[in-house]
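Sequence and predicted structure are below.
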Amino acid sequence: MQIALVGIGKIALDQHVPALRASPDWTLAATVSRHGTVDGVPSFTGIDDMLAAHPQVEAVSLCLPPVPRFAAAQAVLRAGRHLMLEKPPGATLSEVHILQRMARDAGVSIFATWHSRMALGVAAARVWLAGRSVQSGRITWREDVRKWHPGQDWIFEAGGMGVFDPGINGLSILTEILPTPVHLTGAELDVPANRQAPIAARMSLSQGIEVDLDFRQDGPQTWDIDLQTDGGTLTLRMGGNILEVDGRPVEGQDDIMQEYPALYARMAGLVRDGASDADLSPMVLVADAFTLGRRNVVEPFEF
Ligand code: NAP
């Protein structure tokens, strides 16, 4: 099947292009970006021009930041093509609800991806937690924004979500593996004086789960989830890639695909089955943090 990629920036070049080049399901047929291109692939600067020039492109994968993504997503669905969205799937929940309705009406697939759910330990963590009761837990997601989002001012603008952009990855794992849903009970957001979105945040969730997000981490990066249950302690480290139970590694995860190849394999399966997958539960937690959270003004931030 032929697919087009929109928003040729960091994640498109780091992950999507290599995953598509290795994919048995997809051929990268075109790109859309104002500046970015991919060697050997026809490039366009406007999505409508690409859709008109490539009627054989069945699916379009959007790697744009969340705010400009909605208009592009609507154009894809209006043209009757299948739609794949980078995380978070929109700037607002209602945008994604509109996209879900449009996809249903057009009879095409929509896939709101959460790449961290494809990390190596996640499926096994979900299986281990089934039937157990979570008593408390902690998500620690601390990374260096200058390393992972160099110069990306959009991330600190309204709709860019700030530290929730990576933090939502931890929440996407949590909402995937917990046997019962969580909700937000409180939050605190640290917003730099010269920015619109938080650079650090703390969230309190039901089931005694605390979330610590920080974009100012120097040295080693931390993407950990610890859950205490009535049947032992589960730890996911390295963004869901290392699973430990009661401090001991769980074996048998070697044959699982890497995150982005797994996303494109899933997209192919959805298209073949005429199905969609757009779970918004991680985004609901973030939206609720913006609704309920207390704001602290902190030091200005420059890249
Ligand atoms: P990025 O490098 O800034 O790339 C996004 C591209 O979108 C830009 O290069 C730009 O290409 C295009 N674009 C179109 N309209 C834009 C606008 N108004 N503002 C900024 N860029 C615009 O961002 P990214 O890191 O690839 O992130 C994109 C999405 O992927 C985000 O939702 C992010 O959460 C997700 N993601 C990122 C990472 C990561 O490590 N960086 C990891 C996983 C997921 P043109 O100028 O050529 O149009």
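Perfect, I can see it now.

helix, strand or coil for Pro89?
coil (DSSP: H, G, I helix; E, B strand; the rest coil).

Relative to Met161, how far out is it?
12 Å (Cβ to Cβ, to the nearest Å). For the C-beta atoms, the positions are set from N, CA and C on the backbone; glycine is no exception.

likewise Val6?
Going from Val6 to Met161 by Cβ to Cβ gives 19 Å.

Contact partners for the residue in the chain positioned nearest to the ligand?
Residue of the chain nearest the ligand, by Cβ to the nearest ligand atom: Gly9 (1.9 Å). By Cβ atoms under 8 Å, 6 or more residues apart in numbering, the contact list for Gly9 reads 33, 36, 63.

quick one: the first one and Gly7 touch, right?
Going back to what we said before, that points to Ser33. Yes: counting by Cβ atoms under 8 Å, Gly7 is a contact partner of Ser33 at 6.0 Å.

Could you pull out the helices in the chain for me?
Listed in chain order, the helices of the chain (DSSP state H) span 10-11, 17-21, 47-53, 66-78, 93-106, 122-129, 145-148, 164-177, 259-273, 281-292.

out of these, deepest packed?
Mean neighbours per residue, mean count of other Cβ atoms under 10 Å, is largest over those for helix 164-177, with a mean of 25.

Against which helices or strands is it packed?
helix 122-129, strand 134-142, strand 200-205, strand 209-214, strand 222-229, helix 281-292 (3 or more Cβ pairs under 8 Å, 6 or more residues apart in numbering; DSSP states H and E).

could those go into a markdown table alongside mean pLDDT?
Compiled in a markdown table, the helices and strands packed on helix 164-177 are given as follows (pLDDT from 0 to 100):
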| stretch | mean pLDDT |
| --- | --- |
| helix 122-129 | 96 |
| strand 134-142 | 98 |
| strand 200-205 | 98 |
| strand 209-214 | 98 |
| strand 222-229 | 98 |
| helix 281-292 | 98 |
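
Mind putting those into a markdown table with distance to the ligand?
Output for the helices and strands packed on helix 164-177, formatted as a markdown table (distance: least, Cβ to the nearest ligand atom, whole Å):
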| stretch | distance to the ligand |
| --- | --- |
| helix 122-129 | 15 |
| strand 134-142 | 13 |
| strand 200-205 | 16 |
| strand 209-214 | 14 |
| strand 222-229 | 12 |
| helix 281-292 | 12 |
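
now these in JSON lines, with distance to Val57?
What follows is these, written out as JSON lines (distance: least, Cβ to Cβ, whole Å):
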{"stretch": "helix 122-129", "distance to Val57": "31"}
{"stretch": "strand 134-142", "distance to Val57": "35"}
{"stretch": "strand 200-205", "distance to Val57": "38"}
{"stretch": "strand 209-214", "distance to Val57": "37"}
{"stretch": "strand 222-229", "distance to Val57": "34"}
{"stretch": "helix 281-292", "distance to Val57": "27"}
